[in-house]
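Colleague: Here's a sequence, model it:
(2 chains)
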Amino acid sequence: MSDETATATGAGRSEPTFVIEPGPHVHSSETTSKIMWTVNAALAPAALWGVVVFGWPALAVLAGSIAGALGSEWATNRLLKSRTSLRDGSAFCTGLLLAMTLPPLLPAWAAFLGGIFAIVFAKAIFGGLGYNLFNPALVGRAFLMATFPLAMTSGWFSAAPWFGGVDAMTTATPLGALRERGIEAAMGVMGGPGSPTVNLLIGLRPGSIGEVSVLLLLAGGVFLLARRIISPTIPLAVVAGVVLTTGASGHLGLHLLSGGLWLGALFMATDYVTSPSTRNGQIVFGLLIGALTGVIRLYGGYPEGICYAILIANTMVPALNLWFRPRRPVFAGAPS
Amino acid sequence: MATERIELKTFGRGGVHPSTHKRDTALLAVEAISPLPPEVWLPLVQHLGEPAVPLVKKGDRVVRGQKIADGGATGAPLHATISGKVKPIDKRPHPTLVSVDSIIIARDGEEEQEFPEDPGWRSLAREEMLGRIREAGIVGLGGAAFPTYRKLTLPPGARVDTFILNGAECEPYLTSDHRLMLEEPGAIVEGALAMARLLGVKRVLVGIEADKMPAVEALRTAARDVPLGEQTFEAVPCEVRYPQGAERQLVTALTGRVIPPRSLPSAVGVLVQNVATAQAVHHAIRYRRPLLDRIVTVSGPGVLQPKNLRVPIGTLLQALVDACGGMRPDTTRLIAGGPMMGRALPRLDLPVIKGMNGLLLLTGRGPMEDGFGPCIQCGRCLDSCPLGLEPDQVSIRVEAGRVLDTDPYGPLDCYECGCCTYVCPSGRPLLQFMQVAKSALRRAIEVKVKV
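Modeller: You can find the predicted model right below:
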């Protein structure tokens, strides 16, 4: 329609002509790249905390993973002749998230490979941003679990050896210790001077680079909630699912404060592309993730488990979108 | 002092909150355009319905107020809006239809036909009222421009118990209805009551967004000076939330009733008219005065002096811009109506038509000029749709060439408020995807019916 009007501008007149566009002619200030970079900013404090407590190896893992993700994003853009998407922040986000799920002692080149795998096989192969079924960062992590099983399950070391003068040494994560040797051992692997709960909240304990500081992850999550980039639905449902399954285990506190629960619930389960679009779908999705996490931790093969819980729940998203659609206003006539 | 908390009415799901930009013009009284335009173009097609049939020819002298074209069976008549000589009837550019036969009048005087008050105007028969509204050439002045006498002629079997006056004015920038409610509240109330009487309706409600509380007060005060008889008149403040002024949304806000998809408000016993239409109807009934002028909000960052102008219909947009001190050189876009549902115009040598409530001059690049990205399934469009439709699903299927698979996601129900496009962070033209799907589905339905 607008084209017709544009041709009617007529030749031979010196009137100024204006841009013809379909409406609306104003737009909210939110853009995809703004959203992605805001998520990256919300993740940054927890990631940097990982560098503080685990030192240079953690920084090398972060750099390797992000470089792998950005490099392969650039390469696949070129290969598929698609618009360059480096600046939209999504590949950076994948690399950052992946690194945050990795143990600090993983070789940086393994993290680099993980970043490449995440972008190429979980994103580009599906058609790029918006089309992937699985969370790319978690696919990268699953790939590394299969290819570097030893480093991925024993690459931990005590947090902040500069506290209390303990030498850096490899150790188990709290949930790993709980599984192998019971609650006493789990409490024993913490690194800081405070009580175990305080250490868990601050992030003075062995674990993946970005998962350890619950407080900084919560702060980032609250920031995203306040910016209305995420809604509380999925995170709350995930936590509810974990409470329902691990509540009777006697170690609910430990389950809630460790094992990457908050990194997963706030930043990975809420990924737009790989989560349902309607609230009811999101509730089911979150509960499923929480429950699967609990079941894997209590009965499965891994002490943690939110990674696989999210990947399994990702498979349900198309079905959940089909089952839970927006409700249309119901016809209501005049009162008779 | 205890502050009184006003409960604001609103609709159910969806909607958006764009910056309103109303402060630029809300306090500016309506001023008549000066100087009067040297020429007006009156397109024979202003709105839905048959083209008007000219009653004058080249060289005739016409006086402001004189009927110059007949409306035919479904249209509305046209009147001379300035006094002067008729130039050859010729094709002229039109704001919504490429180019249309138009009656062109060159001004040579300032006289106007007299429209004396009819002393019996309060007790006119239904047919007489309808006839006067029709003869006055009144159409919906809120933008849709559907002939008012046709809207007031209910389909057989329809029963209406509530008359709603639309003073929501939810589009950003626009304040023409706001100013009219402040400056001529009596005429609006009288016009609304008359239309309600004509329909046999006792209950009259006015919906006004709460950023116009002085207008709510003005209408309430005016209603106290009017003999109501058995009728009731209530001005209701509504939440400032786009698209509060869409018929569907306003009906739900004020009555709690929900119009079924693709139906008219009469399906739930309601008829909606805009406040400016009510004012024009009052003048038609009381003085037999035709629709000659309308108020246009001229605003936006590209205008040097934003104004609410009363202009003769047919005035060229260039004259409006000139009356507002001209435009900034960085003006890039010209919009007829509001920025959400208004239409981009290519040029300033176009006439004001009856339904044009605003003229916006915008600067900078438009939201669609830089292309768009893939759907990231954030769900913002789903949350913003007042009807619960699924623009994301429609857009993905249209992109994949599966236009006819979009029906379950609702494009046929879409009334094109544009909330989905407004919120999409990937800048996807979701409304256009809905339109493409809608017209393809309609065509498919037609073909099926014929075969």
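Colleague: What ranges does chain A have for its strands?
Modeller: Secondary structure of chain A (DSSP state E): no strands present.
Colleague: So for the lengthiest helix in chain B, mean pLDDT?
Modeller: Determined from DSSP state H, the single longest helix within chain B is helix B:430-450. Mean pLDDT, helix B:430-450: 89.
Colleague: Could you pick out the residues of the stretch 101-250 of chain A near chain B for me?
Modeller: A:Gly127, A:Gly128, A:Leu129, A:Gly130, A:Tyr131 (Cβ under 8 Å from any Cβ of the partner chain). Any C-beta I mention is one placed from the backbone N, CA and C, and that applies to glycine too.
Colleague: In chain A, where is pLDDT below threshold?
Modeller: A:1-16, A:158-170, A:191-193, A:334-336 (pLDDT under 70).
Colleague: can we see that at 90?
Modeller: A:1-17, A:21-23, A:53-56, A:80-87, A:105, A:149-207, A:212, A:247-260, A:300-305, A:329-336 (pLDDT under 90).
Colleague: What residues does the residue sitting nearest the centre point of it make contact with?
Modeller: Nearest to the geometric centre of chain A sits A:Met268, at 2.6 Å (Cα atoms, centre = their mean). Taking Cβ atoms under 8 Å, 6 or more residues apart in numbering or on different chains, we find A:Met268 in contact with A:Leu97, A:Asn135, A:Ala137, A:Leu138, A:Ile306, A:Ile310.
Colleague: Can you list phi and psi of B:Val206 for me?
Modeller: With angles defined as degrees, to the nearest 10, B:Val206 sits at phi -120, psi 130.
Colleague: Please look at it and B:Pro237 and confirm they touch.
Modeller: No: under the criterion of Cβ atoms under 8 Å, B:Val206 makes no contact with B:Pro237, lying 9.7 Å away.
Colleague: Which one's more surrounded, those two?
Modeller: A side-by-side neighbour count of B:Val206 and B:Pro237, using other Cβ atoms under 10 Å in any protein chain shown, places B:Val206 first with 30 against 20.
Colleague: The top strand by length along chain B: which residues count as buried?
Modeller: For chain B, the strand with the greatest residue count under DSSP E is strand B:99-109. Neighbour counts using 16 or more other Cβ atoms under 10 Å in any protein chain shown place B:Val100, B:Asp101, B:Ser102, B:Ile103, B:Ile104, B:Ile105, B:Arg107 of strand B:99-109 among the buried residues.
Colleague: now swap in stretch B:216-235 and tell me
Modeller: Those would be B:Val216, B:Glu217, B:Ala218, B:Leu219, B:Ala222, B:Ala223, B:Gln231, B:Phe233, B:Ala235, for stretch B:216-235 by 16+ other Cβ under 10 Å.
Colleague: what distance separates the start and the end of that stretch?
Modeller: Taking Cα to Cα, to the nearest Å, stretch B:216-235 runs 6 Å from one end to the other.
Colleague: again with stretch B:27-47
Modeller: 31 Å.
Colleague: hang on, isn't B:Ile353 packed against B:Ala144?
Modeller: No: counting by Cβ under 8 Å, B:Ala144 is not a contact partner of B:Ile353; they are 11.9 Å apart.
Colleague: higher neighbour count, those two?
Modeller: B:Ile353 (23 against 14).
Colleague: Now the more buried one: which helix or strand?
Modeller: Assigned by DSSP states H and E, B:Ile353 falls within no helix or strand.
Colleague: Which parts of chain B are helices?
Modeller: Under DSSP H, chain B gives helices at B:126-135, B:148-151, B:176-183, B:185-199, B:213-224, B:247-255, B:275-287, B:317-323, B:380-384, B:391-399, B:419-423, B:430-450.
Colleague: Please determine how far the closest residue to A:Ile283 other than its chain neighbours is located from B:Val86.
Modeller: Nearest residue to A:Ile283 in three dimensions, chain neighbours excluded: A:Ala237, at 5.0 Å (Cβ to Cβ, 6 or more residues apart in numbering or on different chains). Separation of A:Ala237 from B:Val86 (Cβ to Cβ, to the nearest Å): 71 Å.
Colleague: Can you give me the end-to-end span of stretch B:222-232?
Modeller: OK, stretch B:222-232 end separation, Cα to Cα: 13 Å.
Colleague: does chain A sit close to that stretch?
Modeller: No: using Cβ under 8 Å from any Cβ, stretch B:222-232 stays clear of chain A, with a minimum separation of 15.9 Å.
Colleague: B:Gly140 and B:Gln273: what is the separation?
Modeller: Taken as Cβ to Cβ, the span from B:Gly140 to B:Gln273 is 7 Å.
Colleague: neighbour count winner among the two?
Modeller: B:Gln273 (25 against 22).
Colleague: So what sits opposite that one in the bridge?
Modeller: B:Leu165 (DSSP bridges).
Colleague: show me what contacts it?
Modeller: B:Gly140, B:Thr148, B:Lys151, B:Phe163, B:Ile164, B:Leu165, B:Asn166, B:Ala192, B:Met195, B:Val281.
Colleague: Tell me how many other residues crowd the third one.
Modeller: Just to be clear, that refers to B:Lys151. Counted with other Cβ under 10 Å, B:Lys151 comes out at 21.
Colleague: With the fifth one instead?
Modeller: Neighbourhood size, B:Ile164 [other Cβ under 10 Å]: 27.
Colleague: now the fourth one
Modeller: B:Phe163 has 26 neighbouring residues, counting by other Cβ under 10 Å.
Colleague: Nearest spatial neighbour of it, chain-adjacent residues omitted?
Modeller: B:Ala196 (3.9 Å).
Colleague: Quick one: neighbours of that neighbour, just the number.
Modeller: Other residues close to B:Ala196 by other Cβ under 10 Å number 25.
Colleague: Check A:Ala248 too.
Modeller: Neighbour tally, A:Ala248, other Cβ under 10 Å: 9.
Colleague: before we move on, what about B:Thr20?
Modeller: B:Thr20 has 19 nearby residues by other Cβ under 10 Å.
Colleague: Now residue 300: closest residue in space, sequence neighbours ignored.
Modeller: As the question left the chain open, I've gone with chain A. A:Tyr308 is the one closest to A:Gly300 (Cβ to Cβ, 6+ apart), at 8.0 Å.
Colleague: nope, chain B please
Modeller: That would be B:Leu360: by Cβ to Cβ, 6+ apart, it lies 4.0 Å from B:Gly300.
Colleague: Would you map the strands across the stretch 251-400 of chain B?
Modeller: B:270-274, B:293-299, B:307-312, B:331-336, B:343-345, B:358-363 (DSSP state E, counting those that start in this stretch).
Colleague: could these go into JSON lines alongside mean pLDDT and distance to A:Leu106?
Modeller: Formatted as JSON lines, those follow (pLDDT from 0 to 100; distance: least, Cβ to Cβ, whole Å):
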{"stretch": "strand B:270-274", "mean pLDDT": "96", "distance to A:Leu106": "65"}
{"stretch": "strand B:293-299", "mean pLDDT": "97", "distance to A:Leu106": "59"}
{"stretch": "strand B:307-312", "mean pLDDT": "97", "distance to A:Leu106": "67"}
{"stretch": "strand B:331-336", "mean pLDDT": "95", "distance to A:Leu106": "52"}
{"stretch": "strand B:343-345", "mean pLDDT": "94", "distance to A:Leu106": "55"}
{"stretch": "strand B:358-363", "mean pLDDT": "96", "distance to A:Leu106": "52"}
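Colleague: Where does the stretch 51-200 of chain B get nearest to chain A, residue-wise?
Modeller: B:Val98 (4.3 Å; Cβ to the nearest Cβ).
Colleague: is it true that B:Phe115 touches B:Ala284?
Modeller: No: if you go by Cβ under 8 Å, B:Phe115 and B:Ala284 don't touch, sitting 9.4 Å apart.
Colleague: of the two, who's got more company?
Modeller: Of the pair B:Phe115 and B:Ala284, B:Ala284 is the one with more neighbours under other Cβ under 10 Å, namely 27 against 16.
Colleague: Spatially nearest residue to B:Arg428 (excluding sequence neighbours)?
Modeller: Nearest non-adjacent residue to B:Arg428, counting by Cβ to Cβ, 6+ apart: B:Phe372, 4.6 Å away.
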